[in-house]
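J.: from the sequence below, what's the structure:
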Amino acid sequence: MLIEIAKVTLLILGFLALVGGFIGYTKAKSKPSLISGVVSAFLLNFSYFLTRSHLKAGLIAGDVVCVALLVVFAWRLKKTAKFMPAGLMMILSGVSAVVVSVAIAIV
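T.: Numbers count the residues shown, from 1 in each chain. Take a look at the predicted model:
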């Protein structure tokens with residue numbers, strides 16, 4: 001059950017990263033937001049699909065992306081001191097990293 005939750009967590013975080021990238025682009029014309037959102041979504045979705053054939057490898061890849069997003073958004077929160085969107089994505093990335101890490105531990 002936890003493994004399925006971890007896999008779905010990768011998809012949800014990927015979707016949120018993609019939506020956030022598009023919002024950043026439409027509101028502030030931020031190409032870096034769009035690119036990072038698309039790349040993050042691709043990597044998280046790739047990790048999900050990798051879990052279908054290589055469960056542990058996919059979870060590890062997804063966990064690496066979650067931790068990387070956690071670091072990036074923590075840095076952005078420190079830089080801007082604005083909770084939205086960096087603080088929210090930092091929390092979601094951190095929770096996702098924990099969920100996926102626990103799933104890796106039980107595989």
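J.: just list what the host helix or strand of residue 20 packs against, helices and strands only.
T.: Element membership of residue 20 [criterion: DSSP states H and E] is helix 2-28. Here helix 2-28 touches helix 31-51, helix 55-80, helix 88-106, going by 3 or more Cβ pairs under 8 Å, 6 or more residues apart in numbering; DSSP states H and E. C-beta here means a position set from N, CA and C on the backbone, and glycine is covered the same way.
J.: quick one: it to helix 31-51, angle?
T.: Calculated by axes from the mean of the first three to the mean of the last three Cα atoms, to 10 degrees, helix 2-28 forms an angle of 160 degrees with helix 31-51.
J.: could you list the low-pLDDT ranges of the protein?
T.: For the chain, no stretch has pLDDT under 70.
J.: returning to what we had before: would you mark the buried spots in the helix holding residue 20?
T.: Residues 3, 6-7, 9-11, 13-14, 16-18, 20-21, 24-25 are the ones in helix 2-28 that count as buried (16 or more other Cβ atoms under 10 Å).
J.: would you format the helices and strands packed on helix 2-28 as CSV with mean neighbour count included?
T.: Putting the helices and strands packed on helix 2-28 into CSV (neighbours: other Cβ atoms under 10 Å) gives the following:
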stretch, mean neighbour count
helix 31-51, 18
helix 55-80, 18
helix 88-106, 18
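J.: farthest-separated two in the buried residues of helix 2-28?
T.: The widest separation within the buried residues of helix 2-28, taken as Cβ to Cβ, falls between 3 and 25 and amounts to 33.9 Å.
J.: fine, thanks again, bye for now.
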